[in-house]
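Asks: structure, please.
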Amino acid sequence: MKHFLDLSLIPKSDLQQILSEAKRRKSVQSNLGKIIVSEKSNAKNKMLLMVFEKPSTRTRLSFDIAMRQLGGETIVMNSSDMHLGKGEESVEDTAKVISSFSDIVMFRTFKHQTLINLSKLLTVPLINGLTNSSHPCQLLSDVMTYEEKKGPIKNSNIAWVGDGNNVANSAIEAAVQFEFNLNLCVPKKYLPSKKILDWAEKNNGKIKIFHDPEKGVKDVDCIMSDKWVSMGDKVDSKKKKSNLKSFQVNDKLMSLANSNAIYLHVLPAARGEEVTSSVIDGKKSLVWTQAENRLHGQKAIIDWCLSN
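Replies: Numbering: from 1, shown residues only. Now for the predicted structure:
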């Protein structure tokens, strides 16, 4: 049984396989339109259960449509619909019920440990749809988008600008697994997970930390960013935004990157905060392609999880 929990837990060869399958399925889908693809799929006639503790637009849409295009069906539940986490039913009992009603599960939750605990109890594959610690599905889409535009990402120079959040953590893991150079342009107060940085160092990751974004983005091939205040952050949002003000991706910062550099954003975006409208809506921005690629990435992830 294969879970998709974090990029660091999946062999490099499998990640390349998933990435290649995502690209292939996109090319097929482009020819057939937004209908179920009538080709071999491990998800055909299978049931995907999606559980959301956090709001979602792209993750919910992409997984729902992906499963249907693979010939399967979906059920969507919010945390308010379940007894889990309310002291009314144990994780063990919940896992047994979920396993009996579904063939595969996508879980978007706050605590990463909740995801890990559930993965140990389920008898069906589990996909990480986002936790406070990581967002691996997003990074698969990001790598796919980069390679569509600029070719192999291996040895490329990528800059992450802003908060060292869950997506930044997954970007670190992606840098190791897909072998690209990553400049983390983050304030000292908002560094990514030390555990993940230590893992990257042990696995020969080419990660550099910059507290001056202008130095960190110099001559890079791609700049990535995300909202400064993430869903569920229990912080003083005004103070955090003030601390991150100098880490805004604007025209000046983009001009310091490679002349043909691209811009990626996780979405949703707060224009005027982490990025200006001129950048996210500009010619270097690939955010809408990036969002669409979530669909093709999810199809490949689902198919991989359900493969023998």
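
Asks: the helices in the stretch 51-200 of the chain, which residues?
Replies: For the stretch 51-200 of the chain, helices defined by DSSP state H, counting those that start in this stretch occupy the ranges 58-69, 91-101, 112-121, 136-150, 166-177, 194-202.

Asks: and the longest one, how far from the chain's centre?
Replies: So the one you mean is helix 136-150. 9 Å (C-alpha atoms, centre = their mean, to the nearest Å).

Asks: hmm, back to that, tell me the most buried of the helices of the stretch 51-200 of the chain?
Replies: Each of these was scored by mean neighbour count; the highest is helix 166-177, a mean of 26, by mean count of other C-beta atoms under 10 Å. For glycine as for every other residue, the C-beta is placed from the backbone atoms N, C-alpha and C.

Asks: any idea of the mean pLDDT for it?
Replies: Averaging pLDDT along helix 166-177 gives 98.

Asks: got it, and stretch 204-219?
Replies: The average of the pLDDT scores along stretch 204-219 is 98.

Asks: hang on, the earlier thing: which one of the helices of the stretch 51-200 of the chain lies nearest to residue 244?
Replies: helix 166-177 (12.5 Å; C-beta to C-beta).

Asks: so what does the closest one touch, helix or strand wise?
Replies: helix 136-150, strand 157-161, strand 181-185, helix 194-202 (3 or more C-beta pairs under 8 Å, 6 or more residues apart in numbering; DSSP states H and E).

Asks: ok, now with 10 Å
Replies: Packing contacts for helix 166-177, counted by 3 or more C-beta pairs under 10 Å, 6 or more residues apart in numbering; DSSP states H and E, involve helix 12-32, helix 136-150, strand 157-161, strand 181-185, helix 194-202, strand 207-210, strand 222-225.

Asks: centre of the chain to it, how far?
Replies: Its chain's C-alpha centre and that of helix 166-177 lie 9 Å apart, by C-alpha atoms, centre = their mean.

Asks: one more: stretch 124-134?
Replies: For stretch 124-134 - counting by C-alpha atoms, centre = their mean - the centre lies 10 Å from the chain centre.

Asks: I'd like the numbering to begin with 880 instead of 1 from here.
Replies: Got it, the first residue is 880 from now on, which makes the last one we talked about stretch 1003-1013.

Asks: now that stretch: buried residues?
Replies: 1003, 1004, 1005, 1006, 1007, 1008, 1009, 1010, 1011, 1012, 1013 (16 or more other C-beta atoms under 10 Å).

Asks: for the fifth one, give me its contacts.
Replies: This points to residue 1007. 882-886, 888, 985-988, 991, 994-995, 998, 1013-1016, 1049, 1180 (C-beta atoms under 10 Å, 6 or more residues apart in numbering).

Asks: of the helices of the stretch 930-1079 of the chain, which is nearest residue 1112?
Replies: Nearest to residue 1112 among the helices of the stretch 930-1079 of the chain is helix 1045-1056 (10.2 Å), distances taken as C-beta to C-beta.

Asks: tilt between the closest one and helix 891-911?
Replies: 110 degrees (axes from the mean of the first three to the mean of the last three C-alpha atoms, to 10 degrees).

Asks: and the angle from helix 1045-1056 to strand 1060-1064?
Replies: For helix 1045-1056 against strand 1060-1064, the angle by the same axes, to 10 degrees is 160 degrees.

Asks: report the angle between the axes of helix 1045-1056 and strand 1036-1040?
Replies: 160 degrees.

Asks: with residue 1152 as the reference, measure out to residue 1093.
Replies: 18 Å (C-beta to C-beta, to the nearest Å).

Asks: who's more crowded, these two?
Replies: Neighbour tally, residue 1093 and residue 1152, criterion other C-beta atoms under 10 Å: the higher count belongs to residue 1152, 17 against 12.

Asks: hmm, residue 996 is touching residue 1010, no?
Replies: No. Using C-beta atoms under 10 Å, residue 996 is not in contact with residue 1010; the gap is 11.8 Å.

Asks: overlap in contacts of these two?
Replies: With C-beta under 10 Å, 6+ apart as the test, residue 996 and residue 1010 both reach residue 990.

Asks: so who does residue 936 touch?
Replies: Applying C-beta under 10 Å, 6+ apart, the residues near residue 936 are 1146, 1147, 1170.

Asks: please repeat the previous calculation with a cut-off of 8 Å.
Replies: For residue 936, the contacting residues are 1146, 1147, by C-beta atoms under 8 Å, 6 or more residues apart in numbering.

Asks: for it, give me phi and psi.
Replies: Backbone torsions for residue 936, taken as degrees, to the nearest 10, come to phi -110, psi -70.

Asks: need the per-residue pLDDT for it.
Replies: For residue 936, pLDDT reads 89.
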